[in-house]
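Q: got a sequence here, can you model it:
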Amino acid sequence: MFLIGSNHKIINGYLLPKNMECNLTIDEILDTSDYDYENVRRDNVNKIIGMLSDFLEYSNLLFKDHKCGDKYKEYMETKNWLYTQINQLTINKDTIIALYRKLKKDEQLKKYVMTILFNIGNHEAFDLIKQSAEDIPFLIKDDNGDIDIYGLKYSKTYKKPSK
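A: Reported below is the predicted structural model:
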């Protein structure tokens with residue numbers, strides 16, 4: 001591993017930023033332009049917020065003495081049960097947006113935003129991710145290409161992503 005300046009490292013030929021402050025926020029990638037307030041399942045938003053609050057309180061009590069032991073297994077079983085319960089609720093895109101907006105305002109619960117949004121069984125949150133406005137690189141199989149992956153040749157081409 002070689003150091004290049006103070007901001008990058010080369011690992012196997014790739015540059016990695018030392019600080020990750022340039023990451024996108026969830027607000028920047030979620031497309032909420034079609035949000036319909038009337039279509040939100042408020043009862044399910046409130047149930048999820050309540051379940052998360054209860055889970056957070058349970059977690060704090062479970063680990064208050066800072067001794068893990070068998071507690072981690074119990075914690076993981078409870079967390080998996082929580083996700084199963086959430087997946088049984090009817091959650092549409094508008095409900096996901098409302099849930100996201102409520103979670104991001106709560107200092108203690110906002111750490112669960114990504115986990116909850118992208119672990120909901122119906123995968124509605126993935127449909128809310130904005131497509132790139134810019135052309136993005138794609139690999140296409142090309143016998144004359146200059147990119148070799150396990151003996152197969154590819155070329156890089158740029159195009160707009162298709163929905």
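
Q: can we go C-alpha only for contacts and neighbour counts from here?
A: Noted.

Q: pull the contacting residues for G121.
A: Residues near G121 by Cα atoms under 8 Å, 6 or more residues apart in numbering: N87.

Q: so what pLDDT did it get?
A: What the model reports as pLDDT for G121 is 72.

Q: part of a helix, is it?
A: No. Counting by DSSP: H, G, I helix; E, B strand; the rest coil, G121 is not found in a helix; it is coil.

Q: how close does it get to K110?
A: Going from G121 to K110 by Cα to Cα, to the nearest Å gives 20 Å.

Q: and if you look at Y72?
A: 22 Å.

Q: now do L152
A: The value you get for L152 to K110, if Cα to Cα is used, is 44 Å.

Q: go on, M51?
A: Per Cα to Cα, M51 is found 14 Å from K110.

Q: go on, I29?
A: 17 Å.

Q: quick check: pLDDT value at T90.
A: At T90, pLDDT is 83.

Q: quick one: secondary structure of it?
A: coil.

Q: about what we covered before: L152 and K110: which is more packed in?
A: K110 (16 against 12; other Cα atoms under 10 Å).

Q: isn't that one up against I116?
A: No. With contact defined as Cα atoms under 8 Å, K110 does not reach I116; the gap is 9.9 Å.

Q: neighbours of P137, how many?
A: Close neighbours of P137, defined as other Cα under 10 Å, add up to 13.

Q: whoops, L117 was the one
A: L117: 17 neighbours (other Cα under 10 Å).

Q: my read is that it contacts A98, right?
A: No. With contact defined as Cα under 8 Å, L117 does not count as touching A98 (11.0 Å).

Q: secondary structure element holding the residue nearest the centre of the chain?
A: The chain has M114 as the residue nearest its centroid, 4.2 Å off, counting by Cα atoms, centre = their mean. Under the criterion of DSSP states H and E, M114 resides in helix 113-119.

Q: sweet, I'm off.
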